[in-house]
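1. Quick one, structure for this:
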Amino acid sequence: MKHGIILAAGRGSRMGHLTGNQPKCRTVLHGKSLLDWQLEALRGAQVTDIAIVRGYLAESFDLDVHYFNNHRWSETNMVLSLACSRPWLEQSECVISYSDIVYSSGSVHTLLGAKGDIVIAYDPDWLRLWHMRFADPLSDAETFRLEGQNVIEIGNRAQTIDEIEGQYMGLFKLTPTGWAQIEDYLARHTAPQRDAMDMTTLLRGLIQSGTSVGA
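-> Residues are numbered from 1 along each chain as shown. Here you go, the predicted model:
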């Protein structure tokens, strides 16, 4: 059985007043909350056993799904929110999603069909979107380089467009073996380092340590 996990513990302070009294996944886009878009995409790909990792305004979640809680959401980053769902990560292949993104069921299908214990979804058409967001895409976009279907670099400051073959979407899958590899990597870091670690930093560290990350 495949599980879906939505990481929704953080406040999303960069979204300003939109998250003043609601989690960022409640933000409405084209008539539906971001969370509704995510649930629709996961269920459309036959991922129906879904959990939400909650923290900020945890009491506002009232959906008929499973919940994990990051009680330290205000002092930890996304990797620690992911670790809160350890019981599922240890037992089943899981699709994991950030809570502030929108994607299609097709993206989930493609991800599930990819081979590998740690596989991330990426957008090869990233530049068109970044031109809509920034006058200079290089002011924000990070490096993303592939060798075949494996990521060999991610998350560094890019100097040229040629260093960017896509952008990580905030959507990925882990098998129990993949989660064990992550736990082994995290065990080599101090508690403060683990608390502060974001997902891109984790992925970059895994790659540098020789762990395969597919795309």
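
2. show me the contacts for the closest residue to L34 other than its chain neighbours.
-> Of all residues not flanking L34 in the chain, C25 sits nearest, at 4.9 Å (CB to CB, 6 or more residues apart in numbering). (C-beta placed from N, C-alpha, C; glycine too.) Counting by CB atoms under 8 Å, 6 or more residues apart in numbering, C25 makes contact with 6, 8, 33-35, 38, 99-100.

3. Quick check: which ranges of this protein have low pLDDT?
-> 12-20 (pLDDT under 70).

4. Can you classify the residue most central in space within it as helix, strand or coil?
-> Nearest to the geometric centre of the chain sits G170, at 3.4 Å (CA atoms, centre = their mean). Three-state call for G170 (DSSP: H, G, I helix; E, B strand; the rest coil): strand.

5. any idea how far D64 is from it?
-> With distances taken as CB to CB, to the nearest Å, G170 is found 24 Å from D64.

6. E147 now?
-> 42 Å.

7. now I161
-> I161 is 45 Å from D64, by CB to CB.

8. higher neighbour count, those two?
-> Higher neighbour count among I161 and D64: I161, with 12 against 5, using other CB atoms under 10 Å.

9. which residues touch the more buried one?
-> So I161 contacts 127, 137-138 (CB under 8 Å, 6+ apart).

10. Leaving out the residues flanking it, which one is nearest to Y185?
-> L206 (5.7 Å).

11. one step back: isn't the residue nearest to the centre of the chain right up against V102?
-> No - counting by CB atoms under 8 Å, G170 does not reach V102; the two are 10.0 Å apart.

12. Now do the shared contacts for these two.
-> With CB under 8 Å, 6+ apart, G170 and V102 have no common neighbours.

13. List phi and psi for L39.
-> Main-chain torsions, L39, degrees, to the nearest 10: phi -60, psi -40.

14. Next, the contact list for it, please.
-> Counting by CB under 8 Å, 6+ apart, L39 has contacts 6, 50, 63, 65.

15. and S60, how many neighbours?
-> So S60, with other CB under 10 Å, has 11 neighbours.

16. Test my guess that it contacts K24.
-> No - S60 is beyond contact range of K24, at 11.6 Å (criterion: CB under 8 Å).

17. State the distance from the residue of the chain positioned farthest from its centre to A45.
-> Relative to the centre of the chain, and counting by CA atoms, centre = their mean, the farthest-placed residue is A135 at 25.8 Å. For A135, the distance to A45 (CB to CB) stands at 36 Å.

18. ok so, going back, show me the contacts for the nearest residue to the residue nearest to the centre of the chain once chain neighbours are set aside.
-> Spatially, and ignoring its direct neighbours in sequence, G170 is nearest to Y98 (3.5 Å; CB to CB, 6+ apart). By CB under 8 Å, 6+ apart, the contact list for Y98 reads 6-7, 78, 170-171, 199.

19. What lies in contact with stretch 61-70?
-> 5, 8-9, 23, 35, 39, 49-55, 58, 76, 80-81, 84-85, 87-88.
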